[in-house]
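J.: sequence and predicted structure are below.
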Amino acid sequence: MVLNTNERHNPVHPILIVDDQKVAMAFLSTALERAGYDHLLCCLDERTVMSTLESREVEIILLDLVMPHISGEILLAQIRDRYPQIPVIVTTGTNDIATVVRCMQKGAHDYITKPIDEALLGAAAQRAIHLRELQRQNQRLSQHLLAESPEHGEHFSEIMTCDRKMRALFRYCEAIAPGREPVLITGETGTGKELMARAFHAASGRKGEFVAVNVAGVDDHVFSDTLFGHEKGAFTGADRPRRGFIHKAAGGTLFLDEIGELSEPSQIKLLRVIQEREFFALGSDRPIKTDARIIVATHKNMETLLAKGSFRQDLYFRLRTHHMEMPPLRDRADDIPLLLECFFEQAAKEFGKRKPTYPPELIQLLKVHPFRGNVRELRAMVYDAVARHTSKTLSTEAFKKYIFPSSSPPAAPANGAPQNIYTGLKPLPTIKTAVEALIDAALEQSGSNQKIAAAMLGITPPALSKRLKQRAEGAERP
């Protein structure tokens, strides 16, 4: 065992290289040093790997699969079982595709075929080291999630985030919380608009209750009765008086969700509540004062509703005195690891299972998904995967089938016509150029993860690897 402690452009901990061949070890060490990584641990005897890991921390492991005493596959399983946080890059012969597949299923982070290309080795090491850095960052964020954010981070503890835009919203929320004016929260479905409204109520310090009402699809009578209540005899069946939710929210916050679907008669009544801070119960001509703070939310585009005339301008401008736009999950992808940890823990508890570990590639896989349902969609995916899994390490197959359904037709524009991205393009690109550009785009979006890129392209990882190898060989020819 030899330790090179000369640090230049190194990760926090050394890279552990496991290979019984001295020539291969020398090549790998030299290649990594050329790539800027000279903090290395070199292990020629695979039998000492587990004891080494017990005695010191390593950043990543480069593991040969063919060794005399313990096979790389067995060693991989032992490492993943006891040290699941360490990314393992396996090296194998070009004809060991079946073995590679098994290793990836057992949790290998990446693989490199022999003879090893130095550029591919450096890129693989960089991806694995970046993953470890993200793991440490996420751990720190979990421990100090809202440090340097709002003054009272506990009000926002239900919203898992490390995103700057979200923290800026928290600070804005604290700044406007003491006031009385309405607040409009917009954003796609599943972005956490109600959670933000609850955090807003907590930050306001109001002593009354937080009362949430979904007004989607309710007619004016139901809206009025639900919010304002009624007097005895106000309508058939009203045999006793009933107070509405706005009574319940006295001294607190009234949250109206899906405000974009409110009927025009109800909009007029809500406008009066905001302007006059009073309302009428059904069957009563006596105005009742209210001090409830009103927060509304919608996933619809309010500008479009105004243009169509389906939403009153005077009400809109009163509601958006303060406006918060919740960013979609795809715009805060760095929150995915935090949310994963939270949902895995919740799902494991609900299903009575141990919290599973997951392969490192899962985070990058989720980052290429657009998440139209946002955080709610991610939660549903995690719960379904945890319900299905039976081993220690969670398989990514359930996620891949969801993200890359083989039976899904290509997306079409809103008018229903087939989408042709080459319409009007002159001259047309050659098939070779188009394929190369498509491969490059997939590799870029997947963070150079070939398994994910292959899934995005609808081909197998060996097929993508073959194309990349052919391209590299073509570039080397004079």
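T.: Looks like it arrived, so ask away.

J.: list the contacts of stretch 377-393.
T.: With CB atoms under 8 Å, 6 or more residues apart in numbering as the test, stretch 377-393 has contacts from 80-81, 84, 106-107, 190, 329, 336, 339-340, 343-344, 347-348, 350-351, 353-354, 356-359, 366, 371, 373, 394-395, 398-399, 402. (C-beta placed from N, C-alpha, C; glycine too.)

J.: filter those residues down to the buried ones.
T.: Listed as buried from the contacts of stretch 377-393 are 80, 84, 106-107, 190, 329, 336, 339-340, 343-344, 347-348, 356-359, 366, 371, 373, 394-395, 398-399; burial here means 16 or more other CB atoms under 10 Å.

J.: among these, name the ones in helices.
T.: Residues of the buried ones among the contacts of stretch 377-393 located in helices (DSSP state H): 80, 336, 339-340, 343-344, 347-348, 366, 398-399.

J.: next, format the residues you listed as TSV and append distance to residue 286 and pLDDT.
T.: Listed next are those as TSV, based on distance: CB to CB, whole Å; pLDDT from 0 to 100:
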residue	distance to residue 286	pLDDT
80	71	89
336	53	93
339	49	94
340	54	92
343	49	93
344	54	92
347	51	94
348	54	92
366	55	91
398	58	82
399	58	87
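
J.: of all the residues you listed, which two lie farthest apart?
T.: For those, the farthest-apart pair by CB to CB is 80 and 339; their separation is 23.1 Å.

J.: spit out the contact partners of residue 102.
T.: Residue 102 neighbours (CB under 8 Å, 6+ apart): residue 73.

J.: my read is that residue 284 contacts residue 238, right?
T.: No. Under the criterion of CB atoms under 8 Å, residue 284 is not in contact with residue 238, lying 11.4 Å apart.

J.: who touches the residue sitting nearest the centre point of the chain in this structure?
T.: Centroid-nearest residue in the chain, with CA atoms, centre = their mean: residue 336, separated by 3.0 Å. Contacts for residue 336 (CB under 8 Å, 6+ apart) come out as 329, 363, 366-367, 378.

J.: the residue sitting furthest away from the middle of the chain is in what secondary structure piece?
T.: Most distant from the centre of the chain: residue 233, at 51.9 Å, with distances by CA atoms, centre = their mean. Here residue 233 sits in a region with no helix or strand, counting by DSSP states H and E.

J.: distance of it from residue 223?
T.: Relative to residue 223, residue 233 is positioned 20 Å away (CB to CB, to the nearest Å).

J.: next: residue 335.
T.: In terms of CB to CB, residue 335 sits 35 Å off from residue 223.

J.: returning to that earlier point: can you list residues touching both of residue 284 and residue 238?
T.: Residues touching both residue 284 and residue 238 by CB under 8 Å, 6+ apart: 230-231.

J.: what's around the closest residue to residue 471 other than its chain neighbours, how many residues?
T.: What sits nearest to residue 471 in space, not counting adjacent residues and going by CB to CB, 6 or more residues apart in numbering, is residue 436, at 7.2 Å. Neighbour count for residue 436, taken as other CB atoms under 10 Å: 14.

J.: pLDDT of the helix or strand where residue 436 lies, averaged?
T.: Using DSSP H and E, residue 436 sits within helix 431-445. Averaging pLDDT along helix 431-445 gives 81.

J.: enumerate the positions of that helix that are buried.
T.: In helix 431-445, counting by 16+ other CB under 10 Å, buried: 439, 442-443.

J.: quick one: the helices in the stretch 251-400 of the chain, in order.
T.: 264-276, 302-308, 313-319, 336-351, 361-367, 374-388, 397-403 (DSSP state H, counting those that start in this stretch).

J.: so what does the second one touch, helix or strand wise?
T.: In this structure, helix 302-308 makes packing contacts with helix 313-319, judged by 3 or more CB pairs under 8 Å, 6 or more residues apart in numbering; DSSP states H and E.

J.: can you tell me what sits against the helix it packs on?
T.: 182-184, 259, 267-268, 270-271, 274-275, 294, 296, 302, 306.

J.: pull the distance from it to the chain's centre.
T.: For helix 313-319, the separation from the chain centroid amounts to 33 Å (computed by CA atoms, centre = their mean, to the nearest Å).

J.: in it, what's buried?
T.: 315-316, 318-319.

J.: and the two most separated of the residues you listed?
T.: 316 and 318 (7.3 Å).

J.: ok so, going back, who are the contact partners of the closest residue to the residue farthest from the centre of the chain other than its chain neighbours?
T.: Excluding the flanking residues, the one nearest residue 233 by CB to CB, 6+ apart is residue 283, at 6.4 Å. The neighbourhood of residue 283, defined by CB under 8 Å, 6+ apart, consists of 230-235, 238.

J.: now a PyMOL select for only the buried ones of those residues.
T.: Here is the PyMOL selection string for the buried members of those, based on 16+ other CB under 10 Å:
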select buried, resi 230+231+234+238
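
J.: which among the contacts of residue 283 gets closest to residue 448?
T.: Using CB to CB, the contacts of residue 283 come closest to residue 448 at residue 230, 63.5 Å.

J.: any idea what that closest one is bridged to?
T.: residue 242, residue 282 (DSSP bridges).

J.: show me what contacts it?
T.: Residue 230 touches 238, 241-242, 244, 281-284, counting by CB under 8 Å, 6+ apart.

J.: recalculate using a threshold of 7 Å.
T.: 238, 241-242, 281-283 (CB atoms under 7 Å, 6 or more residues apart in numbering).

J.: now do residue 291
T.: With the criterion set at CB under 7 Å, 6+ apart, residue 291 makes contact with 250-251.

J.: gap between it and residue 223?
T.: Residue 291 is 21 Å from residue 223, by CB to CB.

J.: same deal with residue 210?
T.: 19 Å.

J.: just residue 167 next, same as before
T.: Using CB to CB, residue 167 is found at 35 Å from residue 223.
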